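K.L.:
how does the following fold in three dimensions:
(chains A, B, C, D, E and F)
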There are 6 protein chains.
Amino acid sequence: MPIIEMHLLTGRTVAQKRGVAAAITEAVCAQLGVQPQQVRILITEHGGEDFSVAGQTAAMRAEAAAASLPTKDPA
Amino acid sequence: MPIIEMHLLTGRTVAQKRGVAAAITEAVCAQLGVQPQQVRILITEHGGEDFSVAGQTAAMRAEAAAASLPTKDPA
Amino acid sequence: MPIIEMHLLTGRTVAQKRGVAAAITEAVCAQLGVQPQQVRILITEHGGEDFSVAGQTAAMRAEAAAASLPTKDPA
Amino acid sequence: MPIIEMHLLTGRTVAQKRGVAAAITEAVCAQLGVQPQQVRILITEHGGEDFSVAGQTAAMRAEAAAASLPTKDPA
Amino acid sequence: MPIIEMHLLTGRTVAQKRGVAAAITEAVCAQLGVQPQQVRILITEHGGEDFSVAGQTAAMRAEAAAASLPTKDPA
Amino acid sequence: MPIIEMHLLTGRTVAQKRGVAAAITEAVCAQLGVQPQQVRILITEHGGEDFSVAGQTAAMRAEAAAASLPTKDPA
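P.N.:
Numbering: from 1, shown residues only, chains lettered A, B, ... in the order given. A predicted model of the protein is given here:
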């Protein structure tokens, strides 16, 4: 240990995943005095209908946000 | 918090996911006295070979159930 | 399934836990068309130093909130 | 209970998943004195960029390992 | 990996925990072809009000079972 | 999101928990471009019999390490 499970919305790039794995590992080692080899990180990605806040899924929020965007000048 | 992780077999519709997110959030707020904004729900879906009861995967059970169905031929 | 893991801050009463278990189960059955017997719920409680938002633990927030309370009239 | 969540790298066969579900269930029943019907196992698979040790993802390790393989005799 | 999370009701002995850790590890290695050193197991224990089936906590079930026990022959 | 679950052996100090919550949050925001308010971290602590590697619990390893320590001055 530490064993870390990180839940993310889908869509991160490979570079972001590699960057965050390295940065979390460094942060954990510095703060808890463990060796990098002890730190394991598992990422689980969730789609837009698989994460909700206040009873609304992320996809619902994205739809609502898109609908309230000002229309582009039709002229 | 509360933060809720829900494990489901794959195959729920968008409407079911939105419905259950809203209903769980309402139930949790009513029972625990928290605000909707505090309730986060994560869904993880598992395929038929990724969930087992009594050492048999859901896919094995589905196969067994299909095999034991009475043939339709009424004659 | 569904199998549900719920993370809470410590301190809920037995009545709250029983109430929320019943209410979530009812919500899930109504929305997903499953039988109550299929619904399992696991609660994990986390102490005030074991949950953080924006890098601050719940205990830090509680301390900050207490410190900013108006002092009771010393007169 | 017991409820068991198993995290694996992607790529196991159906036979492996069925085999490990049966074997874990048997092990748990023998050691803890529970009935098979009580044992539920959930598998979550993680891709090569979604699991890291020491701040390096499994995919990074696989690339490094491939790069250090002796070239096959070109003759 | 594999990384395994096992949820148990509280009350297992040290011997049971050591026995099940060894037995699961052996089962996983035999079925998935991994080395013992790769297998990590995390146990989380849940109290009687923190696990429910069909909307009833384990403690509720235990109370109901106790109440329906035949009284011991008073003669 | 991100929502992060961190599993630790018991025994970290309050200062360590606060330090690691802040450092992980900073690392995640810098790498994934999210706001601190979006980052939630849950810590679950596991006792010495509740974490095993290679089928041996942490407590077993600690016992074995203690037993193999050189005796203090044999004279």
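K.L.:
helix, strand, or coil at A:Glu45?
P.N.:
strand (DSSP: H, G, I helix; E, B strand; the rest coil).
K.L.:
run a quick neighbour tally on it.
P.N.:
19 (other CB atoms under 10 Å in any protein chain shown). Any C-beta I mention is one placed from the backbone N, CA and C, and that applies to glycine too.
K.L.:
what does the one 4 residues further on give?
P.N.:
Number of residues near A:Glu49 (other CB under 10 Å) recorded here: 19.
K.L.:
is stretch A:13-29 positioned near chain F?
P.N.:
Yes: Stretch A:13-29 reaches chain F (CB under 8 Å from any CB of the partner chain) through A:Gln16, A:Gly19, A:Val20, A:Ala23, A:Ile24, A:Glu26, A:Ala27, A:Val28.
K.L.:
please spell out the ChimeraX selection for the buried subset of these.
P.N.:
Buried members of those, identified by 16 or more other CB atoms under 10 Å in any protein chain shown, are gathered into one ChimeraX selection as follows:
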select /A:19,20,23,24,27,28
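K.L.:
in helices only, show me the residues of stretch A:13-29 next to chain F.
P.N.:
Counting by DSSP state H, the residues of stretch A:13-29 next to chain F place A:Gln16, A:Gly19, A:Val20, A:Ala23, A:Ile24, A:Glu26, A:Ala27, A:Val28 in helices.
K.L.:
chain E contacts on chain A?
P.N.:
Selection of chain A residues close to chain E by CB under 8 Å from any CB yields A:Ile3, A:Arg40, A:Leu42.
K.L.:
what about the helices in chain A?
P.N.:
Using DSSP H, helices in chain A cover A:14-32, A:58-67.
K.L.:
B:Arg18 is in contact with A:Met60, correct?
P.N.:
Yes: A:Met60 is in contact with B:Arg18 according to CB atoms under 8 Å; the separation is 6.5 Å.
K.L.:
now the residue in chain A positioned nearest to chain E. Nearest residue, chain neighbours left out?
P.N.:
In chain A, the residue that lies nearest chain E is A:Ile3 (6.2 Å; CB to the nearest CB). Nearest in space to A:Ile3, with sequence neighbours left out and distances taken as CB to CB, 6 or more residues apart in numbering or on different chains, is F:His7 at 4.4 Å.
K.L.:
hang on, the one you found packs against F:Gly47?
P.N.:
No: F:His7 is beyond contact range of F:Gly47, at 11.7 Å (criterion: CB under 8 Å).
K.L.:
neighbour count winner among the two?
P.N.:
Neighbour count, other CB under 10 Å: between F:His7 and F:Gly47, F:His7 has more, with 22 against 15.
K.L.:
list the contacts of that one.
P.N.:
By CB atoms under 8 Å, 6 or more residues apart in numbering or on different chains, the residues touching F:His7 are A:Met1, A:Pro2, A:Ile3, A:Ile4, A:Glu5, E:Leu42, F:Ile43, F:Thr44, F:Glu45, F:His46, F:Phe51.
K.L.:
export those to a markdown table and tack on pLDDT?
P.N.:
Output for the contacts of F:His7, formatted as a markdown table (pLDDT from 0 to 100):
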| residue | pLDDT |
| --- | --- |
| A:Met1 | 90 |
| A:Pro2 | 97 |
| A:Ile3 | 98 |
| A:Ile4 | 98 |
| A:Glu5 | 98 |
| E:Leu42 | 98 |
| F:Ile43 | 98 |
| F:Thr44 | 98 |
| F:Glu45 | 98 |
| F:His46 | 98 |
| F:Phe51 | 98 |
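K.L.:
does stretch A:14-25 reach chain D?
P.N.:
Yes: using CB under 8 Å from any CB, we find that stretch A:14-25 touches chain D at A:Val14, A:Lys17, A:Arg18, A:Ala21, A:Ala22, A:Ala23, A:Ile24, A:Thr25.
K.L.:
filter the residues you listed down to the buried ones, PyMOL style.
P.N.:
Those of those that count as buried under 16+ other CB under 10 Å are selected in PyMOL with:
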select buried, chain A and resi 17+18+21+22+23+24+25
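K.L.:
dump the residues of stretch A:14-25 next to chain D to TSV, plus distance to D:Ala66.
P.N.:
Putting the residues of stretch A:14-25 next to chain D into TSV (distance: CB to CB, whole Å) gives the following:
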residue	distance to D:Ala66
A:Val14	16
A:Lys17	19
A:Arg18	17
A:Ala21	19
A:Ala22	20
A:Ala23	25
A:Ile24	25
A:Thr25	23
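K.L.:
out of the residues of stretch A:14-25 next to chain D, which is nearest to E:Gln56?
P.N.:
A:Ile24 (39.2 Å; CB to CB).
K.L.:
distance of the closest one relative to F:Thr25?
P.N.:
According to CB to CB, to the nearest Å, A:Ile24 stands 10 Å off from F:Thr25.
K.L.:
count the neighbours of A:Pro36 for me.
P.N.:
The local packing of A:Pro36 (other CB under 10 Å) involves 15 other residues.
K.L.:
wouldn't it be in contact with A:Ala30 here?
P.N.:
No: checked against CB under 8 Å, the pair A:Pro36 and A:Ala30 is beyond contact range at 10.6 Å.
K.L.:
so how far is chain D from the residue nearest to the spatial centre of chain A?
P.N.:
Chain A has A:Leu8 as the residue nearest its centroid, 3.0 Å off, counting by CA atoms, centre = their mean. Per CB to the nearest CB, to the nearest Å, A:Leu8 is found 9 Å from chain D.
K.L.:
which residues does that residue bridge with?
P.N.:
A:Glu45 (DSSP bridges).
K.L.:
where does pLDDT dip in chain A?
P.N.:
Residues of chain A that meet the criterion pLDDT under 70 lie in A:69-75.
K.L.:
which bits of it sit near chain D?
P.N.:
Going by CB under 8 Å from any CB, the residues of chain A near chain D are A:14, A:17-18, A:21-26, A:36-37, A:39-45.
K.L.:
swap the cut-off to 6 Å and go again
P.N.:
A:Val14, A:Lys17, A:Arg18, A:Ala21, A:Ala22, A:Thr25, A:Pro36, A:Gln37, A:Arg40, A:Ile41, A:Leu42, A:Ile43 (CB under 6 Å from any CB of the partner chain).
K.L.:
quick check: the residue nearest to the first one when sequence neighbours are not counted vs A:Thr13, distance?
P.N.:
Of all residues beyond its chain neighbours, the one nearest A:Val14 is D:Glu49 (5.3 Å), with distances taken as CB to CB, 6+ apart. Distance of D:Glu49 to A:Thr13, given as CB to CB: 9 Å.
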